[in-house]
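**Student:** What shape does this take:
(2 chains)
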Amino acid sequence: MTSLVGNVIQAEIGAPERWPNNVKLYEPYQAEQIILPDHANCLGVRTFLKMCNLPFTRELRINAEEMSPSGSVPFLQAGVFLVAEFDPIVAFVGLRGFQLSQDLSETEKSDLRAYCSMVSRILGNAEKYLSWMMDTIAVEVTQPRVGAVHPWPLNWMIPMMKKFEVKSQLKSLGWANKTLEEVLNEIKSCCQALSERLEQQKYFFGDQPTELDALVFGHLFSLLTIQLPAVDIAADIKEFVNLTEFCQRIESKYFKEKEDD
Amino acid sequence: TGKVMELEASTLAEIPARVNKIIVEGIKKTKDDFIQKKLESIFTASTVEEMLLLCQSAKMDLSRMNIFKSVQIKIDTTKNVDEDDRYDVTFHMKEKRWFGGGMHATFGGENNATMVSRLQFPNTFGRAENVALEYNKSLKGDHGGALRFSKPLNGNPDVRFSTSVYKLNLEYPWSGFKETSRGVNFDFTFPSNFGDHCLRWEGVWRDLRTMDRSTSFTVREQAGHSLKSSIKHQFTRDERDSPILPSRGSLIKMEQEFAGLGGNVEFFRHDMELQFNKKLILDSVIQLSLAGGIMKNPNPNTEIRINDRFFLGGPLTLRGFNTKGVGPHSEGNALGGDVYWASGLHLYTPLPFRPGKGGFGDFFRSHFFVNAGNVYNIQTDKPIIENLRGLSEEFRLAYGAGIVLMMGNIARLELNYVVPVRAQTGDSINSGLQFGIGVTFL
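**Tutor:** Below is the predicted model of the structure:
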């Protein structure tokens, strides 16, 4: 959304209605249910909203995914509007007049979009691959978590259906046939690119955070902290010291109190 | 048809007769022991009248199995024996083809026609079992398929065991959601002195999703999966002369359902329908219908889901309101309740001046009615007397008149002009002309 459109709409909407009082963000249950790809997306959106200083409450629901208008979590409820997933939520928030990237130059803005797209594509698909295509992880972690909230026999039927769905998705994107090594290398090269972009800056585009910072934090923090059997992603990411320090900085700035799951 | 000695009926009871042999022809698939059981009783005959009656009842019994195209009886005197009161009975049967099928339309829903395509295998294993494969699609967009198995127990067509496995995609536009159901059920039907019973266990996996963006958030919050494992008892006593447009007789229908043996859906539900018809002078009929139901959730921590609640309203239940238009609503979506009652008082008369009498005109009736009802959510924090008061005082009422057309035994059409007199805020009212097509009307 260009800022020109944003300005026009801002003028029309008017200041008082910009951010309703009881905005809610719907996510699955954190302790027993949520899986790696969803955790990354939810954390990314939460970080973004905190960076914009926009108040919201988290609503944890077993059926957050089925409630979502797009079928994916998280989704935002602002007044009568329902918006799901990171990019649409950023756009919606931008329409309301809250933007983190409005002061960037045009080249920086297209850079931003390119990096966001790379992170979503590479890290997002890698997380799905690790969670569903790797048998050990799928059977020991992902499927039990997805099925935990359903009664027998749905507790194994629903994860199986989901697995089939994700596998066909990854197949059409060309990720299904990659080996684990190829996927880990993709993660590493993505981190390499991010590390080079970040250098020693506080955020990816200078002193102020942008949506890219939120998105990267969501993915990297999840990959660093969620323990999966048979792989050690955290070790690979920790090789990029500036990225780990970046995550620690964001965590202490925006998530000072321990988040209770 | 049988070749019988030509005698007056009254003397048949006096003529002694014994059946010497029963010959059965034309059986390929049906199992011997199955046929034997049906025909054994014929040997007990001691007079010609008894023999004829027993043969006739055996023929009817066999025909009710739905596995024969025709059953023909031939009775002849036994040759080459000394006694002259011995007879040989020959049953000549033509079995149905091992598979059959067809398409037909049903109007079971509310203003909805469903086309059912069926492929069936009568007498699948030789004892009148029936296996059928079905696909149905309705005008409103519901569709689904089922595999059904049914078997009479002990050769008795009234006592049956059936089971089916199905997947259905149903639309509920009045509540803003659609539901994918995958289920399996086991039924046991049997008659009793009071009426017909059906005991059923069913396990259904329901996946509820919103229909579109305009669905209210209250309904959206119920999106997702639920698994219902329940046992049901259905009881029907239908003594009316016609299910579509009765002129006399009564109907009692009751259903109790207990959900909660496994799965994550828990409730106890009781639903009842009564109908009384009485013929008056000049071929008019007065009819009183009453219906009501109550559900209770034994688990105070969960709510009964919208998939299981009671709904009311529409041309087939409470005329004067849109389909499921009575009761709590949220942004135009019907939410249903856990208790309801409805009643209708009707007067049917032949059309004025009886046009087409003796022919087409007999399928029409003039219809005058008053109907009332309520759908309510029990408030557990208030005393029962408060709830009863709400249930009875906040009722809806409408009256009207119109024309009823009876389409054979498959459907009934109504075109009415309705005047809703009492309603509550949030109801979806349909005043004026209302059209209804269906099978069971209240």
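**Student:** tally of neighbours for residue A:191?
**Tutor:** For residue A:191, the tally of surrounding residues (other C-beta atoms under 10 Å in any protein chain shown) stands at 24. To be clear about C-beta, it is placed using only N, CA and C from the backbone, and glycine gets the same treatment.
**Student:** Contact partners for it?
**Tutor:** By C-beta atoms under 8 Å, 6 or more residues apart in numbering or on different chains, the contact set of residue A:191 is A:220, A:236, A:237, A:239, A:240, A:243.
**Student:** Check the gap between the nearest residue to the fifth one once chain neighbours are set aside and residue B:15 for me.
**Tutor:** In other words, residue A:240. With sequence-adjacent residues excluded and distances taken as C-beta to C-beta, 6 or more residues apart in numbering or on different chains, residue A:240 is closest to residue A:195, at 4.2 Å. According to C-beta to C-beta, to the nearest Å, residue A:195 and residue B:15 sit 110 Å apart.
**Student:** you'd agree residue A:152 is in a helix?
**Tutor:** No: according to DSSP: H, G, I helix; E, B strand; the rest coil, the state of residue A:152 is coil, so it is not within a helix.
**Student:** re earlier: neighbour count: residue A:195 and residue B:15, which is higher?
**Tutor:** residue A:195 (17 against 13).
**Student:** in the helix or strand that contains the more buried one, what counts as buried?
**Tutor:** Under the criterion of DSSP states H and E, residue A:195 resides in helix A:180-198. Of the residues in helix A:180-198, those buried by neighbour count under the rule 16 or more other C-beta atoms under 10 Å in any protein chain shown are A:183, A:184, A:186, A:187, A:190, A:191, A:194, A:195, A:198.
**Student:** So which residues of the stretch 101-250 of chain B form strands?
**Tutor:** Using DSSP state E, counting those that start in this stretch, the strands of the stretch 101-250 of chain B run over B:114-122, B:130-138, B:143-153, B:156-172, B:177-191, B:196-210, B:224-238, B:249-263.
**Student:** Include distance to chain A, mean pLDDT and mean neighbour count when you put these into JSON lines, please.
**Tutor:** Formatted as JSON lines, the strands of the stretch 101-250 of chain B follow (distance: least, C-beta to the nearest C-beta, whole Å; pLDDT from 0 to 100; neighbours: other C-beta atoms under 10 Å in any protein chain shown):
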{"stretch": "strand B:114-122", "distance to chain A": "27", "mean pLDDT": "94", "mean neighbour count": "16"}
{"stretch": "strand B:130-138", "distance to chain A": "22", "mean pLDDT": "95", "mean neighbour count": "17"}
{"stretch": "strand B:143-153", "distance to chain A": "18", "mean pLDDT": "95", "mean neighbour count": "17"}
{"stretch": "strand B:156-172", "distance to chain A": "13", "mean pLDDT": "94", "mean neighbour count": "16"}
{"stretch": "strand B:177-191", "distance to chain A": "9", "mean pLDDT": "96", "mean neighbour count": "17"}
{"stretch": "strand B:196-210", "distance to chain A": "6", "mean pLDDT": "96", "mean neighbour count": "18"}
{"stretch": "strand B:224-238", "distance to chain A": "3", "mean pLDDT": "96", "mean neighbour count": "18"}
{"stretch": "strand B:249-263", "distance to chain A": "5", "mean pLDDT": "94", "mean neighbour count": "17"}
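**Student:** Beyond the helix holding residue A:195, next helix or strand please.
**Tutor:** helix A:211-225.
**Student:** Does that next one pack against any helices or strands, and if so which?
**Tutor:** Helix A:211-225 sits against helix A:36-51, helix A:86-95, helix A:106-128, helix A:180-198, helix A:233-238, helix A:241-254, with contacts defined as 3 or more C-beta pairs under 8 Å, 6 or more residues apart in numbering or on different chains; DSSP states H and E.
**Student:** and the angle for the fourth one with helix A:211-225?
**Tutor:** Spelled out, it's helix A:180-198. 140 degrees (axes from the mean of the first three to the mean of the last three C-alpha atoms, to 10 degrees).
**Student:** ok now helix A:180-198, how far from the chain's centre?
**Tutor:** Using C-alpha atoms, centre = their mean, to the nearest Å, we find the averaged C-alpha position of helix A:180-198 to lie 17 Å away from the chain's own average C-alpha position.
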